[in-house]
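*Asks:* Output the structure for:
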Amino acid sequence: MKKYHIAVVGATGAVGAELLRVLERRSFPVASLRPIGSARSAGKTIRFHDDLITVEELTERSFDKIDIVFFSAGGENSRKWVPIARQAGAIVIDNSSVFRLEPDVPLVIPEINGEDVRRHHGLIANPNCTTAVALMAIYPLHCAFGVRRVFAASYQAVSGSGARAIEELRHQVELAAQDRQWSGREPSDIQAKPEEATSGKRVGQLTPQVYPHPIAFNVLPHVDVFLESGYTKEEMKMQNEGRKIMHLPEFRASVTCVRVPVYRAHSVAVSAEFERKISVERAREVLAKAPGLELVDEPQNNRYPMPLRIAGKDNCEVGRVRIDCAFENGLSFWVCGDQLLKGAALNAVQIAELL
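*Replies:* Numbers count the residues shown, from 1 in each chain. Predicted coordinates for the structure are as follows:
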């Protein structure tokens, strides 16, 4: 088996660290590994298999003699460094949103459109994490019934914002637990002065850094930046990226993205309208056979997908499957997936495996 010289840009970040673990446990044929980071991260060591490897600073020579580069270091770094990596002869798998909608750049979920990898020109884009999780359930249903439009609400874990957000939630939970203003009080008492809660006074030192408001014991209907339409960029990705991945230019999706105080794994509540008549029984059959997806749908036994259950799992899970009350040919369901895996690192490695 041919082995590949691999570089990981953003190797010390949440996605980069997960990507290294995925490469290791899937026994990807690595001839050599070059972890790359910022000047601040350079000099740190990471473990890969039984070796300790020093993180190198990102420079124009970082991609010499490299076959495949995984980029997980944000849009600005991708915009600047991906062309340099391609010029050096490496194939880039990019996790940022910068190139996803470029017409000559494949945007790939291997279980859905893996064949698109064949038309790459040195660059393949990894989809948005929430889009990837949702489409794992939407696409097999589309193949059977023809999806027309989707209404969805996401419940997104803080790890989608990186390692700093994970630490922010952990820190705020610890402080809130120690805060005498919170402990031993009834919920009605805590909410008695909403102006204090919204100003941050009642939560003491829970001053946010990553998010505009405290995330502990809170939900924020705000993921990514707002557009003039009132939607956020994150909310438009399911429609725009879904059209490209499913080769479905008429696909429509109205989405509300919400950040929730969960460390890991995204959830999406989906109501979908289809062209052909649909039944719960047939939908369950389709979902149960879909690659990369597990049907967990026994509400009478309290079995349904949950972030705590799905964290660390490669497969996504779908449940709460039911006929939608608002559509003539509609289905509602709930899908969960580990966004650091299927939404990022795992999907990227699966793309590399197709090469």
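*Asks:* In the stretch 151-300 of the chain, what residue spans correspond to strands?
*Replies:* Secondary structure of the stretch 151-300 of the chain (DSSP state E, counting those that start in this stretch): strands at 252-259, 266-274, 293-295.
*Asks:* Kindly reformat the ones you listed as JSON lines and extend each row with mean pLDDT and distance to residue 2.
*Replies:* Heads up, the C-betas are built off the backbone N, CA and C, glycines and all. As requested, the strands of the stretch 151-300 of the chain are exported to JSON lines (pLDDT from 0 to 100; distance: least, CB to CB, whole Å):
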{"stretch": "strand 252-259", "mean pLDDT": "98", "distance to residue 2": "39"}
{"stretch": "strand 266-274", "mean pLDDT": "98", "distance to residue 2": "34"}
{"stretch": "strand 293-295", "mean pLDDT": "98", "distance to residue 2": "30"}
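*Asks:* Quick one: closest of those strands to residue 9.
*Replies:* strand 266-274 (23.4 Å; CB to CB).
*Asks:* Can you give the strand pairings for that closest one, parallel or anti for each?
*Replies:* strand 147-156 (antiparallel), strand 330-337 (antiparallel) (DSSP bridges).
*Asks:* Include mean neighbour count when you put those into TSV, please.
*Replies:* TSV is the format used below for these (neighbours: other CB atoms under 10 Å):
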stretch	mean neighbour count
strand 147-156	21
strand 330-337	25
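*Asks:* now for those, which one comes closest to residue 18?
*Replies:* Using CB to CB, the strands paired with strand 266-274 put strand 330-337 closest to residue 18, at 13.3 Å.
*Asks:* Just put the strands paired with strand 266-274 in CSV and tack on mean pLDDT.
*Replies:* Putting those into CSV (pLDDT from 0 to 100) gives the following:
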stretch, mean pLDDT
strand 147-156, 97
strand 330-337, 98
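*Asks:* and the closest residue to residue 274 other than its chain neighbours, how many neighbours?
*Replies:* If the residues on either side of it in the chain are set aside, residue 274 comes closest to residue 145, at 3.9 Å by CB to CB, 6 or more residues apart in numbering. If you count neighbours by other CB atoms under 10 Å, residue 145 ends up with 21.
*Asks:* Make 29 the first number, not 1, from now on.
*Replies:* Happy to do that; since the first residue is 29 now, the last one works out to residue 173.
*Asks:* where does residue 173 land on pLDDT?
*Replies:* In this prediction, residue 173 carries a pLDDT score of 97.
*Asks:* Quick check, it in contact with residue 306.
*Replies:* Yes. Using CB atoms under 8 Å, residue 173 is in contact with residue 306, at 5.0 Å.
*Asks:* residue boundaries of the helices in this protein?
*Replies:* 42-53, 103-115, 138-141, 157-173, 191-206, 215-218, 222-227, 261-273, 308-317, 335-338, 374-382 (DSSP state H).
*Asks:* could you dump those helices to JSON lines with distance to residue 288?
*Replies:* JSON lines is the format used below for the helices of the chain (distance: least, CB to CB, whole Å):
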{"stretch": "helix 42-53", "distance to residue 288": "17"}
{"stretch": "helix 103-115", "distance to residue 288": "24"}
{"stretch": "helix 138-141", "distance to residue 288": "26"}
{"stretch": "helix 157-173", "distance to residue 288": "12"}
{"stretch": "helix 191-206", "distance to residue 288": "10"}
{"stretch": "helix 215-218", "distance to residue 288": "18"}
{"stretch": "helix 222-227", "distance to residue 288": "17"}
{"stretch": "helix 261-273", "distance to residue 288": "14"}
{"stretch": "helix 308-317", "distance to residue 288": "24"}
{"stretch": "helix 335-338", "distance to residue 288": "8"}
{"stretch": "helix 374-382", "distance to residue 288": "22"}
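*Asks:* Residue 60 is nearest to which of these?
*Replies:* When the helices of the chain are compared (using CB to CB), the closest one is helix 42-53, at 12.1 Å.
*Asks:* other SSEs contacting the closest one?
*Replies:* strand 32-37, strand 58-65, strand 73-76, helix 374-382 (3 or more CB pairs under 8 Å, 6 or more residues apart in numbering; DSSP states H and E).
*Asks:* Tell me which of these sits most buried.
*Replies:* strand 32-37 (a mean of 24; mean count of other CB atoms under 10 Å).
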